[in-house]
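S.K.: Give me coordinates for this.
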Amino acid sequence: MPHWAGVSLGAMAIAVALEELRMYWLRRESARKEEIFQVVTENAADMIALVDVKGRRLYNRPSYKRVLGYSPAELSETSSFEQIHPDDRMRVLEAAGEARESGIGKRLDDRKIERSPLRP
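M.R.: Numbering: from 1, shown residues only. The predicted model follows:
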């Protein structure tokens with residue numbers, strides 16, 4: 001084997017090792033950020049929900065239970081539009097339509113209806 005082939009293989013081995021090290025650090029940083037995100041999303045008072053284009057709930061922050069009184073089971077059985085204040089529903093539906101057309105969602109603040117203390 002020529003001398004330059006050994007140098008090329010050595011350089012390639014170093015490049016591969018450096019790439020593996022870089023990937024390790026990226027995975028580690030990603031996991032750390034995921035842990036932070038999990039802590040924030042589960043403990044923040046903001047009520048954030050992810051819904052699909054048909055209004056089905058994909059994710060609700062646990063704060064829905066603390067703030068409005070709806071359990072995860074109750075939320076999973078209803079449309080995301082049911083807890084939106086009637087005066088805000090049209091604006092939310094319009095924003096959902098825009099997101100469907102453009103493929104880009106946006107932040108939207110709206111009022112929610114609290115669970116009645118008389119409901120079981």
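
S.K.: Name the nearest residue to His85, sequence neighbours excluded.
M.R.: Spatial nearest neighbour of His85, chain neighbours left out: Arg111 (3.7 Å); criterion: C-beta to C-beta, 6 or more residues apart in numbering. All C-beta atoms are positioned from the backbone trio N, CA, C, and that covers glycine.

S.K.: Show me how the record splits this structure into domains.
M.R.: The chain breaks down by automatic domain parsing into domains covering 1-43, 46-102.

S.K.: rank these by mean pLDDT and give me the bottom one.
M.R.: Lowest mean pLDDT of these: domain 1-43, a mean of 80.

S.K.: Walking through the chain, point out its strands one by one.
M.R.: Here the chain has its strands, by DSSP state E, at 49-51, 57-60.

S.K.: partners of the longest one, with directions?
M.R.: Strand 57-60 has the following strand partners under DSSP bridges: strand 49-51 (antiparallel).

S.K.: Of all the residues in the partner strand, which ones are buried?
M.R.: Val51 (16 or more other C-beta atoms under 10 Å).

S.K.: who touches it?
M.R.: 57-61, 64, 80, 96 (C-beta atoms under 8 Å, 6 or more residues apart in numbering).

S.K.: From Glu20, how far off is the most centrally placed residue in the chain?
M.R.: Here the mean C-alpha position of the chain is nearest to the C-alpha of Leu50 (C-alpha atoms, centre = their mean), at a distance of 6.9 Å. To Glu20, Leu50 is 34 Å away according to C-beta to C-beta, to the nearest Å.

S.K.: same thing with Leu58?
M.R.: Distance of Leu58 to Glu20, given as C-beta to C-beta: 34 Å.
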